[in-house]
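> how would this look folded up:
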Amino acid sequence: MPATLTAPPGLERLRADFPILAEQVHGHPVVYLDNAASTQKPLAVLEAMERFYRTQNANVHRGIHELSNRATEAYEQARRTVASFFGIADAAELIWTRGTTEALNLVAYTWGQANLREGDEILLSVLEHHSNLVPWQLLAQRTGARLRFLDIDEQGRLDLSRLDELLTERTRLVALAHVSNALGTIHPIRRIADAVHAAGAVLVVDGAQSAPHLPVRVEELGCDFFAFSGHKMLGPMGIGGLWGRRALLEAMPPFHGGGDMIDFVELERSTYAALPHKFEAGTPYAAGAVGLAAAVEYLDGIGMDAVAAHEHELLDYALAQLGELPELTVYGPRALEERSGVISFTLADIHPHDLATILDTQGVAIRAGHHCAQPLMRRLGVGATARASFYVYNTHTDVDRLVEALHHARRVFGY
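Okay, here's the model as predicted:
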């Protein structure tokens with residue numbers, strides 16, 4: 001595994017760790033630029049999951065036989081590994097979930113249901129992913145709480161000039177993305193956390209787009225809950241997590257009821273297991289946890305500072321190359337330090353779905369649509385955008401192929 005991404009030989013060795021990058025799509029070598037949706041998996045992750053199924057597979061926490069012991073140790077070691085990656089000192093504060101969406105719903109249905117009442121306020125922003133919007137809408141409907149929203153400026157950055165005004169004595173919860181999935185905007189979470197706590201509220205951070213791309217230490221962010229997805233950071237689909245402060249998690253009721261989350265069960269009442277198991281009912285995705293642990297070890301081997309630096313270098317190059325294309329509009333902050341490796345754009349009056357279809361014929365995979373952020377699209381005055389998003393295995397050549405494919409699309413549509 002290379003220690004840095006700056007040297008081309010190291011990057012080529014890293015790319016060889018991802019078998020899917022050798023695939024052909026419509027007769028072209030694949031250029032995968034849909035990393036904000038899901039990332040590809042290195043051999044280290046694939047092999048770790050296969051090894052679990054070959055040598056450790058059994059249900060965890062339930063057996064006294066050797067395979068169950070192996071599975072349980074692998075599962076709990078994975079928790080400790082992922083906790084360490086995020087600077088979580090107490091691994092029991094890390095709850096396994098299916099991903100960011102389930103983690104945010106867990107907070108909404110447990111902490112939210114127990115703590116919000118009619119007239120209380122939830123502060124969100126207009127650029128949230130639907131996963132960090134719909135659960136709070138449902139919570140407001142159940143409790144009578146009111147939703148309030150931070151706006152964005154002309155560059156797609158949170159407009160914090162009204163933050164103190166929007167944080168009132170009625171504010172109980174603030175839920176914001178660390179990084180926008182649609183624009184790549186990086187938000188100043190620590191600054192926001194200080195203001196939220198001064199107002200006596202709780203801060204929930206959607207870390208789906210920051211966990212894969214930035215060095216994240218949850219205590220340094222200052223938030224109270226942090227949600228993330230494994231499949232966006234080289235891990236498998238179906239596994240992710242929620243970090244929460246122990247005092248909050250211990251006071252929250254369970255999310256799901258069933259096996260493994262209980263202490264003692266009677267016919268009419270039950271007591272519940274200690275953290276983290278109180279929130280992990282049923283048979284877990286143990287192989288997924290093992291795969292995610294392998295993914296974060298792989299990222300640690302590169303170094304998250306190097307991951308971020310590589311993406312910013314690619315972003316700088318891509319923005320310069322795309323800037324040469326006539327009638328192409330890029331959305332999001334202009335300053336590189338304010339954005340992650342995501343570029344949302346439109347090209348002339350070509351619908352983004354049509355654009356993505358043409359690019360696919362050239363072997364270039366991008367995303368097109370509203371990116372599960374319909375209110376943001378309306379705020380920007382567009383129905384959809386095309387989105388190219390980068391990760392550790394992308395190169396200047398990938399950017400060049402994207403630009404060539406966009407020129408091809410212009411010709412197809414008569415520009």
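
> gap between the helix or strand harbouring Leu104 and the chain center?
In the assignment (DSSP states H and E), Leu104 maps to helix 100-107. Using CA atoms, centre = their mean, to the nearest Å, the mean C-alpha position of helix 100-107 is found 12 Å from that of the whole chain.

> Give me the packing partners of it, helices and strands only.
Helices and strands touching helix 100-107, by 3 or more CB pairs under 8 Å, 6 or more residues apart in numbering; DSSP states H and E, are strand 94-97, helix 134-143, strand 202-206, strand 225-229, strand 240-244. Yep, even glycine has a C-beta here, placed from its N, CA and C like the rest.

> other SSEs contacting the third one?
Read that as strand 202-206. Packing partners of strand 202-206 (3+ CB pairs under 8 Å, 6+ apart): helix 100-107, strand 171-177, helix 189-198, strand 225-229.

> same thing but 10 Å
Judged by 3 or more CB pairs under 10 Å, 6 or more residues apart in numbering; DSSP states H and E, the packing partners of strand 202-206 are helix 100-107, strand 121-125, strand 171-177, helix 189-198, helix 218-221, strand 225-229, strand 240-244.

> Mean neighbour count, distance to Ala409 and mean pLDDT added to the ones you listed, as JSON lines?
Below are the helices and strands packed on strand 202-206 laid out as JSON lines (neighbours: other CB atoms under 10 Å; distance: least, CB to CB, whole Å; pLDDT from 0 to 100):
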{"stretch": "helix 100-107", "mean neighbour count": "25", "distance to Ala409": "32", "mean pLDDT": "98"}
{"stretch": "strand 121-125", "mean neighbour count": "23", "distance to Ala409": "32", "mean pLDDT": "98"}
{"stretch": "strand 171-177", "mean neighbour count": "24", "distance to Ala409": "30", "mean pLDDT": "98"}
{"stretch": "helix 189-198", "mean neighbour count": "17", "distance to Ala409": "37", "mean pLDDT": "98"}
{"stretch": "helix 218-221", "mean neighbour count": "18", "distance to Ala409": "40", "mean pLDDT": "96"}
{"stretch": "strand 225-229", "mean neighbour count": "29", "distance to Ala409": "31", "mean pLDDT": "98"}
{"stretch": "strand 240-244", "mean neighbour count": "29", "distance to Ala409": "35", "mean pLDDT": "98"}
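
> Make CSV from the ones you listed and add distance to Ile366 to it.
Converted to CSV, the helices and strands packed on strand 202-206 look like this (distance: least, CB to CB, whole Å):
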stretch, distance to Ile366
helix 100-107, 22
strand 121-125, 25
strand 171-177, 21
helix 189-198, 28
helix 218-221, 30
strand 225-229, 20
strand 240-244, 24
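
> And these: which comes nearest Ala386?
strand 171-177 (20.2 Å; CB to CB).

> so that closest one versus strand 121-125, what angle?
20 degrees (axes from the mean of the first three to the mean of the last three CA atoms, to 10 degrees).

> Mind listing the strands strand 171-177 pairs with, and their directions?
The strands that strand 171-177 pairs with in its sheet are strand 121-125 (parallel), strand 202-206 (parallel) (by DSSP bridges).

> can I get the CA coordinates of the last one in CSV?
Output for strand 202-206, consisting of C-alpha atoms alone and laid out as CSV, is shown next (Å, rounded to 0.1, in the frame of the first residue of the first chain):
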residue,chain,number,x,y,z
VAL,A,202,-27.8,19.2,20.3
LEU,A,203,-25.8,19.0,17.0
VAL,A,204,-26.2,16.0,14.6
VAL,A,205,-23.7,15.8,11.8
ASP,A,206,-24.3,13.9,8.5
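
> okay, the angle between it and helix 134-143?
140 degrees.

> next one: strand 202-206 to chain centre, how far?
How far strand 202-206 lies from its chain's middle: 13 Å, per CA atoms, centre = their mean.

> Stretch 68-86 too?
Worked out by CA atoms, centre = their mean, stretch 68-86 lies 21 Å from the chain centre.

> likewise stretch 260-276?
Worked out by CA atoms, centre = their mean, stretch 260-276 lies 31 Å from the chain centre.

> Quick one: mean pLDDT for it?
For stretch 260-276, mean pLDDT rounds to 96.

> what sits up against that stretch?
59-62, 76, 79, 83, 90-96, 241-244, 246, 249-250, 252-255, 257, 259, 277-284 (CB atoms under 10 Å, 6 or more residues apart in numbering).
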